[in-house]
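Engineer: What shape does this take:
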Amino acid sequence: MSKLTYLLGSAAMALTLTSAVQAQDTTTTEAPATEAPATDAPATDAPAADAATAAPVTADPATVVATVDGTDITLGQLIIARSQLPQQYNQFPPDVIYQGILDQVVQQQLLSNSLTDVPARVGWAMANEERSLRAGEVITDLSATAVTDEAIQAAYDEMTAAAAADPVMEWNASHLLVETKEAAEAAQERINAGEDFAAVATEVSTGPSGPTGGELGWFGPGQMVAEFETALDGMEPGDVSGPVQTQFGWHIIKLNETREKPVPTLEEMKPEIVSNLQEAVILAKIEELKANAEITLPEDGSIDPAVLTNLDLLEK
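Structural biologist: Residues are numbered from 1 along each chain as shown. Just a heads-up that it's a prediction; the model follows:
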């Protein structure tokens with residue numbers, strides 16, 4: 001589908017739905033009350049519709065909902081179109097959505113029927129779309145089989161067991177950052193003489209944490225530069241380091257607390273676990289299929305990678 005066709009379809013849908021809502025608002029506006037004329041005729045109730053004779057609601061996707069110059073449009077096609085709408089369309093009533101989609105598909109079919117010279121790019125695009133949809137069905141089936149509550153729990157148990165066997169240490173520290181070693185030593189002397197670390201950091205630190213007393217919060221391995229992390233090794237809570245040079249300048253570090261990294265809950269880990277299970281089963285399936293498939297690829301250098309940007313080739 002070209003960009004123009006996509007935009008036209010989206011614009012038509014928005015216009016159709018907006019018009020439908022406006023029409024619905026107009027038809028539901030109450031007429032001004034008027035006094036009923038006097039009559040001697042006895043009051044009678046309007047005949048009620050017989051529910052038994054109402055047309056049955058169809059649920060067959062093969063049901064033809066419209067025909068445009070001999071081309072059938074089915075309920076299944078409308079269902080697919082509805083499933084692809086953004087969430088913002090959920091605000092509309094079902095009857096408005098239905099009419100909007102039906103009008104849009106009819107309009108698209110009219111435009112489609114008017115195309116007598118079909119460009120080759122349409123065929124390439126349809127082949128890509130079919131391939132993607134078929135692959136997506138396989139992925140959906142594989143995921144449904146692999147991603148079960150039992151598999152998620154087993155993966156979580158394995159991860160937590162590994163975390164318990166090899167716990168990760170985290171630090172809670174504060175620091176002050178200055179430009180020279182001499183300035184760092186001067187700050188250290190003030191702290192060793194009894195001045196409050198946070199007060200000194202607030203006064204002299206040039207780092208972004210200076211205004212908050214140099215507090216860095218909790219962090220784990222790899223989150224600080226190597227020299228900073230190395231300085232923490234061997235320190236005990238309450239210790240203050242000597243001057244530590246990094247690419248940012250000179251630091252004085254105070255270690256506040258240490259702890260083993262908390263194990264995330266199952267709910268916190270679930271998205272990652274689900275993603276890992278899906279990736280594992282899909283990659284395994286691909287490897288299985290590749291092992292039993294005959295795949296021929298072009299020789300290296302036979303196709304210029306830059307050709308992918310040449311849309312003019314699709315016009316031939």
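Engineer: Show me which residues of stretch 205-219 are buried.
Structural biologist: S205, G207, S209, G210, G213, G214, E215, L216 (16 or more other CB atoms under 10 Å). (Each C-beta comes from the backbone N, C-alpha and C, glycine too.)
Engineer: neighbours of the closest residue to A120 other than its chain neighbours, just the number please.
Structural biologist: Nearest residue to A120, sequence neighbours excluded (CB to CB, 6 or more residues apart in numbering): L314, at 6.0 Å. L314: 13 surrounding residues under other CB atoms under 10 Å.
Engineer: Against which helices or strands is the longest strand along the chain packed?
Structural biologist: The longest strand of the chain (DSSP state E) is strand 249-260. Counting contacts by 3 or more CB pairs under 8 Å, 6 or more residues apart in numbering; DSSP states H and E, strand 249-260 packs against strand 169-178, helix 181-192, helix 226-232, strand 244-246.
Engineer: and among those, the most buried is which?
Structural biologist: strand 169-178 (a mean of 21; mean count of other CB atoms under 10 Å).
Engineer: Can you add distance to A135 and secondary structure and give the buried residues of stretch 205-219 back as TSV?
Structural biologist: Below are the buried residues of stretch 205-219 laid out as TSV (distance: CB to CB, whole Å; DSSP: H, G, I helix; E, B strand; the rest coil):
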residue	distance to A135	secondary structure
S205	55	coil
G207	50	coil
S209	49	coil
G210	53	helix
G213	55	coil
G214	53	coil
E215	50	strand
L216	46	strand
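Engineer: follow-up on the earlier one: name the next helix or strand downstream of the longest strand of the chain, please.
Structural biologist: Scanning forward in sequence from strand 249-260 by DSSP states H and E, the next helix or strand is helix 266-291.
Engineer: Please identify the buried residues of that following helix?
Structural biologist: Under 16+ other CB under 10 Å, the buried positions of helix 266-291 are M269, I273, V274, L277, V281, I282.
Engineer: Any chance of CSV for these, columns distance to G222 and pLDDT?
Structural biologist: Shown next, in CSV, are the buried residues of helix 266-291 (distance: CB to CB, whole Å; pLDDT from 0 to 100):
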residue, distance to G222, pLDDT
M269, 19, 95
I273, 22, 96
V274, 25, 96
L277, 26, 96
V281, 30, 96
I282, 29, 97
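Engineer: could I get these as JSON lines with distance to I139?
Structural biologist: Converted to JSON lines, those look like this (distance: CB to CB, whole Å):
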{"residue": "M269", "distance to I139": "22"}
{"residue": "I273", "distance to I139": "17"}
{"residue": "V274", "distance to I139": "13"}
{"residue": "L277", "distance to I139": "12"}
{"residue": "V281", "distance to I139": "9"}
{"residue": "I282", "distance to I139": "6"}
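Engineer: Identify, from these, the entry nearest to I73.
Structural biologist: The closest of the buried residues of helix 266-291 to I73 turns out to be I282 (CB to CB; 34.3 Å).
Engineer: Does the closest one touch T140 like I think?
Structural biologist: No: I282 is not in contact with T140 according to CB atoms under 8 Å; the separation is 10.6 Å.
Engineer: ok so, going back, thought V122 was touching the residue nearest to A120, still the case?
Structural biologist: No: at 9.2 Å, L314 does not count as touching V122 under the criterion of CB under 8 Å.
Engineer: Only C-alpha atoms, please: export stretch 176-188 in CSV.
Structural biologist: Extracted C-alpha coordinates of stretch 176-188, given in CSV (Å, rounded to 0.1, in the frame of the first residue of the first chain):
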residue,chain,number,x,y,z
LEU,A,176,31.9,15.5,45.9
LEU,A,177,33.5,16.5,42.6
VAL,A,178,36.2,19.2,42.2
GLU,A,179,38.6,20.1,39.4
THR,A,180,42.0,19.6,41.1
LYS,A,181,43.6,17.1,43.5
GLU,A,182,44.4,20.0,45.9
ALA,A,183,40.8,21.0,46.1
ALA,A,184,39.8,17.4,46.8
GLU,A,185,42.4,17.1,49.5
ALA,A,186,41.2,20.3,51.1
ALA,A,187,37.6,19.0,51.2
GLN,A,188,38.8,15.7,52.6
